[in-house]
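Chemist: This is the structure alone, sequence omitted:
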């Protein structure tokens with residue numbers, strides 16, 4: 001799921017791919033609150049994965065966001 005998340009961040013939100021690692025924080029990946037809201041909407045609309053922007057904001061790093069995606073996708 002990490003690769004899918006990375007692809008979304010790079011292609012849709014124009015994040016520099018070199019900044020996206022599993023251990024990168026939101027700040028290190030340059031994801032501001034608006035980008036996180038956009039990510040939440042994209043995940044729901046395009047992947048059927050419902051994760052609120054608040055939950056994504058609370059994630060410690062990109063890897064944790066990917067884990068959330070995996071968990072939510074498994075319940076769909």
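Modeler: It's in. Model, not experiment: these values are computed from the prediction.

Chemist: neighbours around residue 50, how many?
Modeler: A total of 13 residues lie near residue 50 under the criterion other Cβ atoms under 10 Å. All C-beta atoms are positioned from the backbone trio N, CA, C, and that covers glycine.

Chemist: Please apply the same query to residue 10.
Modeler: The local packing of residue 10 (other Cβ under 10 Å) involves 15 other residues.

Chemist: now swap in residue 62 and tell me
Modeler: 24.

Chemist: Please apply the same query to residue 54.
Modeler: Using other Cβ under 10 Å, residue 54 has 10 other residues around it.

Chemist: Would you mind listing the residues in contact with it?
Modeler: With contact set as Cβ atoms under 8 Å, 6 or more residues apart in numbering, residue 54 has no partners.

Chemist: Tell me which residues touch residue 52, please.
Modeler: Contact criterion Cβ under 8 Å, 6+ apart gives residue 40 as the residues in contact with residue 52.

Chemist: so where do the helices sit in the protein?
Modeler: Remark: helices of the chain, listed N- to C-terminal, are 2-11, 33-47, 53-58, 62-74; assignment by DSSP state H.

Chemist: counting contacts, what elements does the longest one pack onto?
Modeler: On a contact count with 3 or more Cβ pairs under 8 Å, 6 or more residues apart in numbering; DSSP states H and E, helix 33-47 meets helix 2-11, helix 53-58, helix 62-74.

Chemist: I'd like to know how many residues surround residue 5.
Modeler: 23.
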